[in-house]
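Asks: here is a sequence with its predicted model. Questions after.
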Amino acid sequence: MDTLQLLFNAVTVIFIAVTMFAAGLGATLPALRAVVVDVPLLVLVLLANLVVLPLLGWGVAVLFGLPSAAFVALLLIASSPGGPFGAKLGMVQNGDVVAGAAMQVLLAAIGSITFGPTANIVLQATGAGGAVALDVPVLMLTVVILQLVPFTVGLLVRHYAAATALAWQPVAARTSNITFLIVLAGMLAGNWRDVVALIGSRSLLAGFVFSGLALLLGTALATGPPVRRTTMGTVAAVRNVGPALAAVGLAFGNAPAVLGALAAVLLSGLAAAIPAAAVLSRRRASLHEEP
């Protein structure tokens, strides 16, 4: 592994941990409790992310007639909920950050268990092949260390030292923003050949459409005020690439075509989700400015 790859991995880890820490600093125990005991919201979010979106990925792949590598990549992405970018986009859109962070961590933890069986079912049903067997304890440990622990630490600081939390939150949010941009730039720089190779194909469009529809379905299959529902939408739209990458290595021998398609589908999905979050942010800012 070269130095640039190591630096990119380090910045990605910092981005995920700091984003969850910032979310914890902005949360309160009563607000978090209100989210986790909201049974209708939990049921709908789990239904959307664990059942509806894998089926949506299948449908989009068939609709666009994707070639084998892109077909597999989209199915793997669709089967993997709880991407850490989801919590970040909750911040970008000025949404319900507490609910978004809580659901993202929950989905990542559950997804580390459900991803393998879900991906196997969909791949076998479509004839795409490749049995997926993942190290579930390692995936869950990753979620705990990078996401749950920073969020909990931030939450405890907010609970026991509110003044400190308020002082730290702008710094944490700024660090999250900077590392977010670095990670996006790194993803584009590291995978630009794969993306360029797929320009003109239907793979990029399929990833874009899947993410846009996932955002709409995630918003529709949620309860509460619009600010919470759109946050659930962006959490649904951003999938967790970690398990998908592991599956490509285990089931497809790190086939370059599948890895390239995975990067292209992920980036085209972000191209749909990030502008949508920005539009929501501007709309909410304009509403606050009105007398």
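Replies: All right, it came through fine. Keep in mind the model is a prediction, meaning the values are calculated, not measured. Numbers count the residues shown, from 1 in each chain.
Asks: export the helix or strand harbouring W58 as PDB, just CAs?
Replies: W58 is part of helix 53-63, with elements assigned from DSSP states H and E. Presented in PDB, the C-alpha positions along helix 53-63 are these (Å, rounded to 0.1, in the frame of the first residue of the first chain):
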ATOM      1  CA  LEU A  53     -33.600  -0.500  -1.300                       C
ATOM      2  CA  PRO A  54     -32.000  -3.800  -2.200                       C
ATOM      3  CA  LEU A  55     -35.000  -4.600  -4.300                       C
ATOM      4  CA  LEU A  56     -34.800  -1.100  -5.800                       C
ATOM      5  CA  GLY A  57     -31.100  -1.700  -6.700                       C
ATOM      6  CA  TRP A  58     -32.200  -4.900  -8.400                       C
ATOM      7  CA  GLY A  59     -34.900  -3.100 -10.300                       C
ATOM      8  CA  VAL A  60     -32.700  -0.200 -11.400                       C
ATOM      9  CA  ALA A  61     -30.000  -2.600 -12.600                       C
ATOM     10  CA  VAL A  62     -32.500  -4.600 -14.700                       C
ATOM     11  CA  LEU A  63     -34.200  -1.400 -16.000                       C
END
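Asks: from the chain's centre, how far out does that helix sit?
Replies: Once both centres are worked out by C-alpha atoms, centre = their mean, to the nearest Å, helix 53-63 turns out to sit 18 Å from its chain's centre.
Asks: and for stretch 13-22?
Replies: 13 Å.
Asks: try stretch 115-132
Replies: 21 Å.
Asks: show residues contacting it.
Replies: The contact list for stretch 115-132 (C-beta atoms under 8 Å, 6 or more residues apart in numbering) reads 50, 54, 57-58, 61-62, 68, 71-72, 75-76, 78-80, 133-134, 136, 139, 240, 243-244, 247, 250-252. (C-beta placed from N, C-alpha, C; glycine too.)
Asks: can you give me the helices for the stretch 101-250 of the chain?
Replies: 136-143, 149-160, 162-198, 202-220, 226-237, 241-252 (DSSP state H, counting those that start in this stretch).
Asks: grab the nearest non-local neighbour of D194.
Replies: G260 (3.4 Å; C-beta to C-beta, 6 or more residues apart in numbering).
Asks: whichever strand or helix holds that neighbour vs helix 241-252, what angle?
Replies: Element membership for G260 (DSSP H and E) is helix 256-289. Counting by axes from the mean of the first three to the mean of the last three C-alpha atoms, to 10 degrees, helix 256-289 lies at 170 degrees to helix 241-252.
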